[in-house]
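In: Just the structure for this:
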Amino acid sequence: MSEETLFEAEETIIRRAEEMLAQGTKENHRLRHEFEHLLGSYKKVYKQLRRLIKINDKQAKKLNEANLLLTGLSTIDGLTGVHNRRYFDEGFETEWKRAWRARAPLSLLLIDIDFFKKVNDTHGHQAGDVCLKLIAGTLKSSFRRCSDLVARYGGEEFCVLLPGTAGADASNLAEVLRRKVEDLIIPHEGLEIKLTISIGLSSQLPQFPEDREKMLAMADEALYRAKQTGRNRVCQANAEYEK
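Out: Numbering: from 1, shown residues only. From the prediction side, this is the model:
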């Protein structure tokens with residue numbers, strides 16, 4: 001309900017009272033004086049009430065904005081600036097069900113930084129943090145559709161959810177990402193650190209609304225295969241659309 005609608009009745013009363021006062025006779029001066037006093041008091045209370053409601057609306061708006069900001073911060077990984085695991089889990093469930101209803105393809109990339117422990121052991125954790133931030137930035141710049149979901153999966157692992165993307169396209173995107181990271185030079189305290197990534201890919205046409213864990217397991221298995229066969233490569237689950 002708008003403010004105008006809320007106070008429409010009160011404003012009608014004031015107008016009617018003013019009309020009655022203007023039409024009043026001069027015979028009863030005392031009653032007229034009391035009526036004017038009451039009408040004036042009513043107007044003051046009415047104006048104060050409107051002012052308080054405006055203040056309340058502003059405070060409610062600020063509170064809502066603060067809540068939205070807090071909600072946003074709670075879904076972002078503090079170090080890398082991409083979404084966190086909690087946001088991914090919720091987004092994965094939502095996008096899986098959407099793809100199932102629409103009979104649309106869905107692709108998932110699981111990404112692991114190769115030999116990341118060696119970076120921390122050799123150059124220190126600050127260098128490792130710099131690497132995580134730059135690789136996260138490369139992920140964000142590589143997947144820019146509003147529907148793409150980039151998140152830190154845990155430690156040195158990231159994930160990318162690609163709604164409406166079939167296996168062949170997802171594989172091409174994953175290969176482009178792999179080459180970007182391979183060409184990346186990460187500066188830190190006069191050093192130039194180079195890293196590679198391994199990627200496990202699973203693409204499916206969801207058959208059941210609750211079966212997304214199978215897709216995650218397939219992507220994880222493909223990532224394991226990529227690491228076991230030499231790293232710095234993309235491995236895709238055997239079947240693009242497995243039931």
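In: what's Ala217 sitting at in phi/psi?
Out: Here the main-chain torsion angles of Ala217 (degrees, to the nearest 10) amount to phi -70, psi -40.
In: Kindly report the same for Ile199.
Out: On the backbone of Ile199 - angles per degrees, to the nearest 10 - the values are phi -130, psi 130.
In: What residues sit buried inside stretch 105-115?
Out: Of the residues in stretch 105-115, those scored as buried under the neighbour-count criterion (16 or more other Cβ atoms under 10 Å) are Pro105, Leu106, Ser107, Leu108, Leu109, Leu110, Ile111, Asp112, Ile113, Asp114. For glycine as for every other residue, the C-beta is placed from the backbone atoms N, C-alpha and C.
In: Using CSV, lay out these together with pLDDT.
Out: Below are the buried residues of stretch 105-115 laid out as CSV (pLDDT from 0 to 100):
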residue, pLDDT
Pro105, 95
Leu106, 96
Ser107, 96
Leu108, 97
Leu109, 98
Leu110, 98
Ile111, 98
Asp112, 98
Ile113, 97
Asp114, 97
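In: Now go through the residues you listed and say which are in strands.
Out: With strands identified by DSSP state E, the entries of those that belong to them are Leu106, Ser107, Leu108, Leu109, Leu110, Ile111, Asp112, Ile113.
In: Pick the one among those closest to Arg152.
Out: When these are compared for distance to Arg152 (Cβ to Cβ), Ile111 comes out closest, at 9.9 Å.
In: Can you say which helix or strand has the residue nearest to the closest one when sequence neighbours are not counted in it?
Out: Excluding its sequence neighbours, the residue lying closest to Ile111 (Cβ to Cβ, 6 or more residues apart in numbering) is Phe158, at 4.4 Å. Assigned by DSSP states H and E, Phe158 falls within strand 157-163.
In: confidence score at Ala170?
Out: Among the per-residue scores, Ala170 shows a pLDDT of 96.
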